[in-house]
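S.K.: pasting the sequence and the predicted model now:
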Amino acid sequence: MIPQSFIQDLLARVDIVEVIERYLPLKKSGANYFACCPFHGEKSPSFSVSPSKQFYHCFGCGAHGSALGFLMAYSGLSFVEAVKTLAASVGMQVPDDGRFPARAAENTHEHLVDVMTRAARFYREQLKQHPPAIDYLKRRGLSGEIAARYGLGYAPRQGLDKIFADYRAPALAEAGLVIDTEEGRRYDRFRDRIMFPILDRRGRIIAFGGRVLDKGEPKYLNSPETPLFEKGRELYGLYQAHKAIRDAGFVLVVEGYMDVLALAQFGIDNAVAALGTATTPHHIHTLLRLTDRIVFCFDGDAAGRKAAWRALENALESLRDDATLAFLFLPEKHDPDSFVRAEGAEAFRHGARTATPLGTFLIDTLRAQCDMDTAEGRARFVHAARPLVTRIGAAPLLRLQLVKAVAENSALTQHEVEQVFGAAQPPAGPSAYPAVPGVSPVVRRAPRLPGGRRKPPSKTDMLLRLILHHPHWAARLPVGLIPDDCPEGRALISIVDATSVGDLNPDCGIGALIERFRDTEHAETLARAASEPIEAEFDESIVETLFEDALRALHTDAIAAEIAQLTASAAAGRLDAAGRQRLAALLMEKRNLANTAKVSDF
């Protein structure tokens, strides 16, 4: 793991406003900055960034977190990737976490990226010097601008030995650029092919796809899996399409490199492609970090529908009630490349807008496989639907709709279908908004009293909210008085413990404190507490008084609990002289605290 001390130092070094301004236009209003939230559609800015707290919060969907959390949610980065990206922006080196054995410098991750970058530069230069490759791209209707945007190149029969002084270096094989024969001969993996660089979410070249110019097999050749590249986790064109996906409000998933490029040539920039494999659950998860609508585009033939069905099956566990997956089937003998050239960009966009929703595709496909006019056919229909519908766990409303659709189509009642499925409806999540990695979950607000007033927070909850805004006060908390029978109390105790052992910078902001407890049992509790005061921050002129009053109330509660225990013992005749003395002292202390509270109120 990356040391917590490094993460604390990193978040203290960066400014969340500067980080978010790289991606969103922020406008200052009062002490904070505002923008339209990138995590849900809205017309009025409700996304607030607090420079004093180093924390962002959306009043509309409730998303909030630190600079690290924003990078994870907005760019789809993992936690480690976000840490490395943020550290690089301020010139900090992420320390080795010690989980992996030391490797030779030439085989490090960074060195492999450098090797791929040098190869890509070589391929681009070769494209300029190879007219047949340029003619091929022109025949496919691609402009120089699109070729440059996607970094297209050309691999000659042999050439990497000209740019790498040590052509026998292990890194070239580890990066997948060369092939070693059993006889000890080495040659370039990609030969006489148009080269398509594959970028990760940070824009680094991690693999290549190569297409033959004329006839030959395989028509497309991808890099093998390497320490940089796992084809089931990457999508071609995702880095280039990132902004367009957010602007368009959806992502198009097509089947090949040329489909992505052809659509981009016609101004449809929000397309990505799987890399020689079916769309995987990881692909779905990655895309749902960026948008709440995915449109799969397939050829209208049997092969296209088969590929669409595989995508549906792989998406079921990732479905959310606030997200839409749909399927666009092109006319037979058309692929995205040929269709957009024949019918134009607007016809393609219209098709994407009216694509078949996943639920409709699922029901219609199963119906087509069964004789719905017979009892046996309807039974087969329900039997086929069961393993699919029951896999939908994170979208309870969609699952319910599909159960009803199955019932309507099979002449059964909803209850009968639910019994067949063995399915009690899964409980709805705490929010109608997506749980985005890196963004603290949206949680239910405190219940409102009659008349619309919000129920006041408990003493423990008030203390937790105050400590989030003033972490250095944690040292003033008497741990023995904090109740451990509620999530807020347990979170407070953990904060005090982390501060006492130096594992938490007492001068950190809310964002850094939230990051300290990421992936712990306290994460959701802290997320809820952090979202409350950001809406109506405590008046700094009274926060000290609020803190002291909360401490006094905790002390009073502890005394009252002990008095009740001792009084019960006295009533049962089990209180000895020491107990009676202790009871008298506690009663005196309770009166003193009450008098102190009256003076404070006055």
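M.R.: Now that the structure is in, tell me what you want to look at. Residues are numbered from 1 along each chain as shown.

S.K.: contacts and neighbour counts: CA atoms only from here.
M.R.: OK.

S.K.: what does stretch 573-593 rub up against?
M.R.: Arg552, Thr556, Ile559, Ala560, Ile563, Leu566, Thr567, Ser569 (C-alpha atoms under 8 Å, 6 or more residues apart in numbering).

S.K.: tell me what the longest helix along the chain is packed against?
M.R.: Scanning the chain for the helix with the most residues, using DSSP state H, yields helix 543-571. With contacts defined as 3 or more C-alpha pairs under 8 Å, 6 or more residues apart in numbering; DSSP states H and E, helix 543-571 has these neighbours: helix 459-469, helix 577-601.

S.K.: picking that back up, now the contacts of stretch 573-593 as TSV including distance to Ala273, neighbour count and pLDDT?
M.R.: Shown next, in TSV, are the contacts of stretch 573-593 (distance: C-alpha to C-alpha, whole Å; neighbours: other C-alpha atoms under 10 Å; pLDDT from 0 to 100):
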residue	distance to Ala273	neighbour count	pLDDT
Arg552	61	17	77
Thr556	63	19	81
Ile559	65	18	81
Ala560	65	15	82
Ile563	69	19	85
Leu566	71	19	84
Thr567	73	17	88
Ser569	73	15	83
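
S.K.: could you identify the most distant pair in those?
M.R.: Pairwise distances across those (C-alpha to C-alpha) peak at 25.9 Å, for the pair Arg552 and Ser569.

S.K.: got the contact list for the residue lying closest to Arg157 once chain neighbours are set aside?
M.R.: Spatial nearest neighbour of Arg157, chain neighbours left out: Arg191 (4.3 Å); criterion: C-alpha to C-alpha, 6 or more residues apart in numbering. With contact set as C-alpha under 8 Å, 6+ apart, Arg191 has these partners: Ala155, Pro156, Arg157, Gln158.

S.K.: now do the contacts for the second one.
M.R.: When you say that, I think you mean Pro156. Gln126, Phe190, Arg191, Asp192, Arg193.

S.K.: secondary structure class for Pro483?
M.R.: coil (DSSP: H, G, I helix; E, B strand; the rest coil).

S.K.: for it, which non-adjacent residue is spatially closest?
M.R.: Nearest one to Pro483, counting by C-alpha to C-alpha, 6+ apart, is Gly489 at 5.3 Å.

S.K.: what about the strands in the stretch 101-250 of the chain?
M.R.: For the stretch 101-250 of the chain, the strands defined by DSSP state E, counting those that start in this stretch occupy 153-155, 178-180, 186-188, 193-199, 205-212, 220-222.

S.K.: which pLDDT value goes with the residue nearest to Arg157?
M.R.: Per-residue confidence (pLDDT) for Arg191: 94.

S.K.: likewise for the one 5 residues further on?
M.R.: Reported pLDDT at Phe196 in the predicted model: 97.

S.K.: what about it, distance to Leu142?
M.R.: 13 Å (C-alpha to C-alpha, to the nearest Å).

S.K.: higher neighbour count, those two?
M.R.: Phe196 (25 against 19; other C-alpha atoms under 10 Å).

S.K.: for the more buried one, give me its contacts.
M.R.: Tyr150, Gly151, Leu152, Gly153, Phe208, Gly209, Gly210, Tyr257.

S.K.: again, but for Ala241
M.R.: Asp269, Asn270, Ala271, Val272.

S.K.: what about it, distance to Arg399?
M.R.: Applying C-alpha to C-alpha to Ala241 and Arg399 gives a distance of 31 Å.

S.K.: and for Ala63?
M.R.: Ala63 is 25 Å from Arg399, by C-alpha to C-alpha.

S.K.: so the two - more neighbours on which side?
M.R.: The neighbour count for Ala63 versus Arg399, taken as other C-alpha under 10 Å, is higher for Ala63 (29 against 24).

S.K.: got phi/psi on the more buried one?
M.R.: phi -60, psi 140 (degrees, to the nearest 10).

S.K.: quick check, it in contact with His57.
M.R.: Yes - judged on C-alpha atoms under 8 Å, Ala63 makes contact with His57 at a distance of 5.7 Å.

S.K.: does Leu350 sit in a helix or strand, and which one?
M.R.: Residue 350: His, not Leu. Element membership of His350, judged by DSSP states H and E, is helix 345-353.

S.K.: cool, Val496 as well?
M.R.: helix 487-500.

S.K.: could you check the angle that helix makes with helix 459-469?
M.R.: 40 degrees (axes from the mean of the first three to the mean of the last three C-alpha atoms, to 10 degrees).

S.K.: which other helices and strands contact helix 487-500?
M.R.: The contact analysis (3+ C-alpha pairs under 8 Å, 6+ apart) places helix 487-500 against helix 459-469, helix 523-535.

S.K.: quick one: average confidence on the longest one?
M.R.: Averaging the model's pLDDT scores along helix 523-535 yields 68.

S.K.: after the helix holding His350 comes which helix or strand?
M.R.: Downstream of helix 345-353 (by DSSP H and E), the next one is strand 356-357.

S.K.: how far out from the middle of the chain is that following strand?
M.R.: Distance of strand 356-357 from its chain centroid, counting by C-alpha atoms, centre = their mean, to the nearest Å, is 24 Å.

S.K.: what sits up against whichever helix or strand comes after that strand?
M.R.: Downstream of strand 356-357, the first helix or strand assigned by DSSP H and E is helix 358-368. Where contact means C-alpha under 8 Å, 6+ apart, the residues beyond helix 358-368 that reach it are Leu312, Thr324, Leu325, Ala326, Phe327, Phe381, Ala384, Ala385, Leu398, Leu402, Ala405, Val406.

S.K.: could you rerun that using 10 Å?
M.R.: The contact list for helix 358-368 (C-alpha atoms under 10 Å, 6 or more residues apart in numbering) reads 295-296, 305, 308-309, 312-313, 315-316, 319, 324-327, 355-356, 372, 377-378, 380-382, 384-385, 388-389, 398-399, 401-402, 405-406, 409-410.

S.K.: which parts of the next helix or strand after it are buried?
M.R.: Using DSSP H and E, the helix or strand that follows helix 358-368 towards the C-terminus is helix 375-389. By 16 or more other C-alpha atoms under 10 Å, the buried positions in helix 375-389 come out as Gly377, Arg378, Ala379, Arg380, Phe381, Val382, Ala385, Arg386, Leu388, Val389.
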